[in-house]
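# Have a look at this fold, sequence not included:
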């Protein structure tokens with residue numbers, strides 16, 4: 001059987017580590033999970049109650065392709081209240097997770113062969129969706145000087161190799177947790193407008209911030225594409241529901257693609273998501289746990305040799321430079337799992353070129369487990 005080259009994408013290493021950890025647990029080992037970006041808290045109580053009521057009230061069928069009107073209106077209200085951005089519900093599409101949003105955005109914006117810029121380290125799922133669609137990646141080698149974010153200067157370097165059709169920025173970013181300041185976001189949006197390139201803003205970690213609130217690209221321009229999700233701040237990873245905000249003229253294109261690719265997002269998940277929009281008190285308590293975990297690990301990880309940490313302005317990750325310890329982060333993380341019982345993700349997942357000397361730790365779990373992980377790592381470092 002002939003197999004399409006579209007499937008020739010890199011594996012998602014974090015999921016491989018999670019499976020290796022599961023096998024160890026099946027054998028009786030106690031594993032501290034710091035490998036996957038999954039909140040330790042369940043979906044908000046309001047969301048669970050709404051889903052239960054919907055399941056009991058009758059059959060759940062297809063919704064309109066762009067999602068329940070009430071949910072789209074609720075998301076629009078959230079932009080007005082949190083960002084002062086006036087977003088018409090007609091510009092909002094509810095999607096099957098943020099992954100569905102990225103797929104729809106890339107299909108709507110780019111033909112095969114188009115060149116899209118993103119800063120490494122970056123979330124591997126986005127990189128691999130671009131590859132599977134036959135799009136060229138203009139890799140921006142970001143570092144501390146740009147807070148691991150894309151910048152006009154990095155774009156200028158990439159343009160020496162060819163034109164740029166689109167730019168993707170994540171703030172807060174996975175794996176670093178670094179955020180774009182408002183001025184940096186303005187500079188990027190304006191540079192994209194000057195180049196005639198689409199600007200896609202990955203905002204799925206909005207709400208999980210420590211200090212300054214993350215800036216939405218919608219505060220700056222309506223001529224942007226924003227992708228967000230109920231997975232992270234709302235603790236609803238397995239419900240597979242996200243959303244995107246697009247310019248008015250792109251909405252019909254997104255709708256036609258969504259109708260044919262997905263029909264609609266899961267109905268029950270949309271009902272739960274609508275209720276979750278009113279659960280901020282519970283969700284902010286989750287963020288307080290992440291903040292405590294962050295402070296604990298910022299103090300304890302350097303004692304185990306994990307220093308050179310990227311700025312963690314948001315999300316729930318610490319991205320550590322381990323160049324003093326290894327140049328093979330995959331083998332290093334395998335040993336960490338086997339010898340210390342701590343699962344973490346090799347930097348190669350996020351930066352195929354430089355990731356051999358970095359490791360990502362997720363601190364989305366309970367504080368007592370994060371403390372146990374730090375204790376084990378310090379003990380392991382003494383061997």
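Great, that's in hand. This is a predicted model, so every value here is computed, not measured.
# which ones are touching the nearest residue to residue 230 once chain neighbours are set aside?
In space, and not counting its chain neighbours, residue 230 is closest to residue 236: 4.3 Å by C-beta to C-beta, 6 or more residues apart in numbering. Using the backbone N, CA and C atoms, a C-beta is placed for each residue, glycine as well. By C-beta atoms under 8 Å, 6 or more residues apart in numbering, the residues touching residue 236 are 43, 47, 230, 269, 272-273, 276.
# same thing but at 7 Å, please
43, 47, 230, 272-273, 276 (C-beta atoms under 7 Å, 6 or more residues apart in numbering).
# Which elements pack onto the one helix or strand in the chain whose mean pLDDT sits lowest?
In the chain, no helix or strand scores lower on mean pLDDT, DSSP states H and E than helix 13-26, which sits at a mean of 88. In terms of contacts (3 or more C-beta pairs under 7 Å, 6 or more residues apart in numbering; DSSP states H and E), helix 13-26 is packed against strand 345-346.
# what's the average pLDDT for the very next helix or strand once past the strand it packs on?
Downstream of strand 345-346, the first helix or strand assigned by DSSP states H and E is strand 358-362. Computed over strand 358-362, the mean pLDDT rounds to 96.
# Strand 358-362 pairs with which strands?
Using DSSP bridges, strand 358-362 pairs in its sheet with strand 317-321 (antiparallel), strand 345-346 (antiparallel).
# first vs last residue of stretch 265-283, how far apart are they?
Terminal residues of stretch 265-283 are spaced 23 Å apart (C-alpha to C-alpha, to the nearest Å).
# domain ranges for this structure?
5-43+281-381, 59-279 (automatic domain parsing).
# just flag whichever of those has the lowest average confidence.
Taking the mean pLDDT of these, domain 5-43+281-381 comes last: a mean of 93.
# Walking through the stretch 51-200 of the chain, point out its strands one by one.
All strands of the stretch 51-200 of the chain, identified by DSSP state E, counting those that start in this stretch, fall at 92-95, 115-120, 136-141, 166-170, 198-202.
# Find the one among the ones you listed with the highest mean neighbour count.
Of those, the one with the most neighbours on average (mean count of other C-beta atoms under 10 Å) is strand 92-95, at a mean of 28.
# so what does that strand touch, helix or strand wise?
With contacts taken as 3+ C-beta pairs under 7 Å, 6+ apart, strand 92-95 sits against helix 69-83, strand 242-245.
# which other residues reach stretch 89-99?
With C-beta under 7 Å, 6+ apart, stretch 89-99 has contacts from 66-69, 71-73, 75-76, 101, 104, 125, 204, 227-229, 231, 240-246, 248, 251, 254, 258, 262, 265, 270.
# which one is residue 348 nearest to, not counting chain neighbours?
Ranked by C-beta to C-beta, 6+ apart and with sequence neighbours excluded, the top spatial neighbour of residue 348 is residue 355, at 3.9 Å.
# From the rest of the structure, what touches the lengthiest helix in the chain?
Criterion DSSP state H: the longest helix present in the chain is helix 280-300. The set of residues external to helix 280-300 that reach it, using C-beta under 7 Å, 6+ apart, is 39, 41, 44-45, 207-208, 210, 233-235, 309, 312, 316, 318, 361, 363-364, 367, 370-371, 374, 378.
# buried sites along it?
Neighbour counts over helix 280-300 (16 or more other C-beta atoms under 10 Å) mark 280, 282-283, 286-287, 289-291, 293-294, 296-297, 300 as buried.
# likewise stretch 305-313?
306, 309-313.
# what does it contact?
Counting by C-beta under 7 Å, 6+ apart, 147-148, 172, 176-179, 209-212, 294, 298, 318-322, 324-325, 381 sit against stretch 305-313.
# Could you do stretch 63-70 as well?
By C-beta under 7 Å, 6+ apart, stretch 63-70 touches 72, 89, 93-94, 255, 258-259, 263-265, 267, 270, 274.
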